[in-house]
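Enquirer: Following is a predicted model, sequence given first.
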Number of protein chains: 2
Amino acid sequence: MPKLVDHEERRAHIIDALLRSAASSGLHSVTMRSVATEAGVSVRLVQYYFDTKEQLLLAAMTRLATRMGERVQHRVRAGGAGTDPRAVIEAVLLEAVPTDEESRAFHLIYTEYAVLSVTDPALGGQPFLAAPDKMEAFLTAQLTAAGAADPRQEAVVLLAVSAGLGLSVLLDQRTAEDATAVLRYHLGRVLPG
Amino acid sequence: MPKLVDHEERRAHIIDALLRSAASSGLHSVTMRSVATEAGVSVRLVQYYFDTKEQLLLAAMTRLATRMGERVQHRVRAGGAGTDPRAVIEAVLLEAVPTDEESRAFHLIYTEYAVLSVTDPALGGQPFLAAPDKMEAFLTAQLTAAGAADPRQEAVVLLAVSAGLGLSVLLDQRTAEDATAVLRYHLGRVLPG
DNA sequence: GGTTTGGTGGTATGGTTGTACCACAAAAAC
DNA sequence: GTTTTTGTGGTACAACCATACCACCAAACC
């Protein structure tokens, strides 16, 4: 097929291969070759569509951030009662707890990227700074609607709880069920009713 | 000095070099050469005292876990009133929030190790599984003494909050002051009085 | 005092990595 | 129908990595 290829599709295909490769053996073990093999293409092709490894990693991170947003939104929409603040809050926070294998892989790579971006100068971009800010504002609004005392502080606490619980599940210190139960318990204490 | 060297001292010296090297450019960028250079010794020496890189990394992780324990204990002892549960709890939890540059580096490497241990089979050891369990039991006891409702669940929540806040400070999403304030706020809500 | 042993340096080696380079085929452009 | 352009493969290369190997020196031992 020597012409007429959808660049975006090809790029997405390769990025997915990177994500799969990273899920099984860690982001640090991802190489141009492993990605190419996983995607079933030649190394040259990966170079052709991404030029350098740095740009490939960056593109994958962007895609990851986008997917994270979609995931949260999907949870909110599918999470039962459309506008009940309590349900919305619970849905958003529970997204941070990896349940099935797919979501575990997703959160693992996301966390690896977050930690990597601390030391890697090329990765100190927006996705990990903008998203939490918007999340905090959103949660504050929902908490206000739900009638919580001190919504601003509670929003930060809730974000921290969900991140902390999610991490502990990732590190196999807790089961997803335990984490979910604890999160629900805490939410019950924060919200009246 | 061709005889008469304290092996433990040499090993500690090299491990500290590794920790320094990891603090500045990330655990993933640590090599035998970088450690040797940082320690001011030859690569051969690093090999001599640790044989393989895997063992060096493992030794550094163990040292890190030990230091973490010391840090917490030191905080508790130096944290004012000897047995006041509230002060003890606050001291323990605040240790997770990196304040100065040294503690930031420490927590960064610790987190990098934790995340790495998820995918690296050689690192799936005890330090990251035993410590949180003991911490949870300890906190539960302190919370009981402080008269909290449902101490067990609150202990898990507190651990998650402190981990989540610490991580957010590491990722530059929040200042250490903000995180500390939020943690104190939440502690005030959990404990009566 | 010879010999064993512990500590050290230097260097070679085999493998892996990211990237640059060369070639080529087929569609598009004119 | 010739000439670009676009997509693709293969491969070469320079750098770097962990580790194995060789040599040496001085203290300890007996």
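Expert: Yes, it's here. Numbers count the residues shown, from 1 in each chain, chains lettered A, B, ... in the order given.

Enquirer: Let me know the next secondary structure element after the lowest-mean-pLDDT helix or strand in chain A.
Expert: Using mean pLDDT, DSSP states H and E, helix A:127-145 stands out as the lowest-scoring helix or strand of chain A, at a mean of 89. Going down the chain from helix A:127-145, the next helix or strand is helix A:151-170, by DSSP states H and E.

Enquirer: what's the spacing between A:Leu158 and DNA strand D?
Expert: 41 Å (C-beta to the nearest atom of the strand, to the nearest Å). From N, CA and C alone the C-beta is placed, and that goes for glycine too.

Enquirer: Pull the number of nearby residues for that residue.
Expert: As a burial measure, A:Leu158 scores 28 neighbours (other C-beta atoms under 10 Å in any protein chain shown).

Enquirer: So it sits against A:Arg189, correct?
Expert: No: the pair A:Leu158 / A:Arg189 is not scored as a contact, 11.0 Å apart, by C-beta atoms under 8 Å.

Enquirer: for chain A, which residue is closest to the average position?
Expert: A:Met68 (4.1 Å; C-alpha atoms, centre = their mean).

Enquirer: Please name the nearest non-neighbouring residue to that residue.
Expert: A:Tyr110 (6.5 Å; C-beta to C-beta, 6 or more residues apart in numbering or on different chains).

Enquirer: Just the element for the one you found, please.
Expert: A:Tyr110 belongs to helix A:101-119, assigned by DSSP H and E.

Enquirer: who's in contact with that helix?
Expert: A:19, A:22-23, A:26-28, A:61, A:64, A:67-68, A:71, A:96, A:98, A:123-125, A:128, A:166-167, A:169-170, B:25-26, B:28-29, B:108, B:111-112, B:115, B:118-119, B:167, B:170-172 (C-beta atoms under 8 Å, 6 or more residues apart in numbering or on different chains).

Enquirer: Just the buried ones out of those residues, please.
Expert: Using 16 or more other C-beta atoms under 10 Å in any protein chain shown as the burial test, the contacts of helix A:101-119 include A:19, A:22-23, A:26-28, A:61, A:64, A:68, A:96, A:98, A:123, A:128, A:166-167, A:169-170, B:26, B:28, B:108, B:111-112, B:115, B:118-119, B:167, B:170-171 as buried.

Enquirer: Please go through the residues you listed and note which also touch DNA strand D.
Expert: Restricting the buried ones among the contacts of helix A:101-119 to those within reach of DNA strand D (C-beta under 7 Å from any atom of the strand) leaves nothing.

Enquirer: wait, isn't A:Ala131 in contact with A:Thr66?
Expert: No: between A:Ala131 and A:Thr66 there is no contact under C-beta under 8 Å: 10.2 Å.

Enquirer: When those two are compared, which one has more neighbours?
Expert: A:Ala131 (15 against 11).

Enquirer: Count the residues that sit near A:Ala163.
Expert: A:Ala163: 25 neighbours (other C-beta under 10 Å).
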